[in-house]
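Participant: turn this into a model:
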Amino acid sequence: MIGICIGYKGTEEVMQAEVEEIIGKKTNVEDSAVVFETDHEKDFAKLIYLGQSFLSVMQFLYSGSVKEFDDVAKIKFDYSLLKGRKFKVLCTRHGDHNFSSVDAAEKLGETIFEATNSKADMKNPEVLVHIFIIKEKCYVGIDYAGIELDTRDYKVYQQPDSMKGPLAYFMVRYSGYSPDKFLVDTFCGSGAILIEAGFFASKFPINKFRKNKLMFVKMGVMDEKELEKLDKKKDIKGKILGIDKEIRYIENAKRNAKIGGIEKDIEFSRNDIEWLEVKFEDESVDFIVTDAPKQSRRMDENKVKKIYEHFFHQAKFILKKEGRICVINNSLLEEFAGKEGFAVDKKALVEKNSQLIEVAVYKKAKI
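Facilitator: Predicted coordinates for the structure are as follows:
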């Protein structure tokens, strides 16, 4: 069988690492996806249950180009897997198209019915077929999840512009963080970066509390008792700390961590960015992974500049010589980073729902 994991474009490197770590399979990269071969359906289940970077995990059926609605009718694959089984078709789209997701799903459903005479069942399907359309690229597969993998149960107490789990996880991994290190989020907000780091470091299943919603459980690929064997947490050798000046954000992040089941693995502290040097020993932090404030209607440019100035000035003292800062980047951040002796180590351009997001890793420049 061929499997395919779909994620945000630009995050393929992290998706590759996850597939190898969870099921030990090598992958090939496609546009917004990684492809692997397996002889075991349980590999799909493990990736869904444990994976943090994926939007979808499917048994691969088809890939091609869909520019117009008529192209959906041209999708052809081996329908024998669906013969005699009640099915449902879902469609997820990213980009501008002259058709809706519902239209595309219905059209492919008609094609499957004509080829197999199998019945569609919207409430209790035996197999779920998923069309994933990213701009003009189209993937079709058997969806073993049955849930939106980019949603998180812990995201109950949120704030405006709260970060999606897969992006927060990507930033944690892209920074180079490992579980034996000290990671700090200096603008922790509702806690997504910290919580994703906690799940990764403790190997705690991101979907532990959604067992009964998972399609592969209904399909009989793995039952809930088998999944319970994957529910054990590892002790984190390092440290994860969330900081914010707003006590309401600290409290929200704590609540979200508790809902996720990893509140004991993360520490929180209310602090203003200009006083970090007082809180930490010099060169004690390995990684700062954060989404710094940006100019908005609530925050003018002068205030943002002041925050960036304090942020990099304080980071200069608390970050180890080989430490790294990973942020959602912008030109103003880059300007103040340079002023305080930081240089870009690497950049990634992540495409999330047609929105381009630059993620940058900074290091201390060698003098």
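Participant: and stretch 256-275, end to end?
Facilitator: End-to-end distance of stretch 256-275: 26 Å, with C-alpha to C-alpha, to the nearest Å as the criterion.
Participant: hey, where'd the helices end up in this structure?
Facilitator: Assigned by DSSP state H, the chain shows helices spanning 12-23, 42-50, 101-116, 165-174, 192-202, 215-218, 224-228, 247-260, 276-279, 301-318, 331-339.
Participant: can you list contacts of the first one?
Facilitator: So the one you mean is helix 12-23. Identification of contacts with helix 12-23 by C-beta atoms under 8 Å, 6 or more residues apart in numbering yields 5, 7, 25-27, 29, 32-34, 36, 38, 43, 46-47, 50-54, 169-170, 173-174, 348. Glycine gets a C-beta too; all of them are placed from N, C-alpha and C.
Participant: need the buried ones from the residues you listed selected in PyMOL.
Facilitator: Of these, the buried ones go into a single PyMOL selection, burial set by 16 or more other C-beta atoms under 10 Å:
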select buried, resi 5+7+25+27+32+33+34+36+38+43+46+47+50+51+52+53+54+169+170+173+174+348
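Participant: once you drop chain neighbours, what's closest to the most far-flung residue of the chain relative to its centre?
Facilitator: Relative to the C-alpha centroid of the chain, counting by C-alpha atoms, centre = their mean, N117 is the outermost residue, at 37.4 Å. Spatial nearest neighbour of N117, excluding adjacent residues (C-beta to C-beta, 6 or more residues apart in numbering): K83 at 7.9 Å.
Participant: the one you found against S118, yeah?
Facilitator: Yes: K83 is within contact range of S118, at 6.1 Å (criterion: C-beta atoms under 8 Å).
Participant: for those two, work out which one has more neighbours and name it.
Facilitator: When neighbours are counted by other C-beta atoms under 10 Å, K83 and S118 differ, and S118 comes out ahead with 18 against 13.
Participant: in this structure that one contacts K86, no?
Facilitator: Yes: taking contacts as C-beta under 8 Å, S118 lies within contact range of K86: 6.9 Å.
Participant: shared neighbours, those two?
Facilitator: What both S118 and K86 touch, as defined by C-beta under 8 Å, 6+ apart, is an empty set.
Participant: from H97, how far off is I112?
Facilitator: 21 Å (C-beta to C-beta, to the nearest Å).
Participant: dig out what L183 forms beta bridges with.
Facilitator: L183 has these beta-bridge partners by DSSP bridges: I240, F287.
Participant: my guess is it contacts E267. True?
Facilitator: No: the pair L183 / E267 is not scored as a contact, 10.7 Å apart, by C-beta under 8 Å.
Participant: burial of V156, as a residue count?
Facilitator: 13.
Participant: excluding chain neighbours, what is closest to it?
Facilitator: Closest to V156 by C-beta to C-beta, 6+ apart is I259, at 5.6 Å.
Participant: contact partners for the one you found?
Facilitator: So I259 contacts D153, Y154, V156 (C-beta under 8 Å, 6+ apart).
Participant: cool, P125 as well?
Facilitator: K86, F87, K88.
Participant: tell me the average confidence for stretch 137-157?
Facilitator: Averaged over stretch 137-157, pLDDT sits at 94.
Participant: only the buried residues of that stretch, if you could.
Facilitator: By 16+ other C-beta under 10 Å, the buried positions in stretch 137-157 come out as 137-146, 149-150, 152-155, 157.
Participant: surely M58 meets I2?
Facilitator: No: taking contacts as C-beta under 8 Å, M58 lies outside contact range of I2: 9.6 Å.
Participant: tell me how many other residues surround F99.
Facilitator: F99: 17 neighbours (other C-beta under 10 Å).
Participant: enumerate every residue touching it.
Facilitator: With C-beta under 8 Å, 6+ apart, F99 has these contacts: E68, F69, V72.
Participant: give me phi/psi at the first one?
Facilitator: Torsion angles at E68 (phi, psi; degrees, to the nearest 10) stand at phi -130, psi 170.
Participant: so how far is I134 from it?
Facilitator: Taken as C-beta to C-beta, the span from E68 to I134 is 16 Å.
Participant: before we move on, what about the second one?
Facilitator: With distances taken as C-beta to C-beta, F69 is found 16 Å from I134.
Participant: tell me which of the two has more neighbours.
Facilitator: I134 (22 against 14).
Participant: from what I see, the more buried one and E30 are in contact.
Facilitator: No: the criterion here is C-beta under 8 Å, and I134 misses it with E30 at 10.3 Å.
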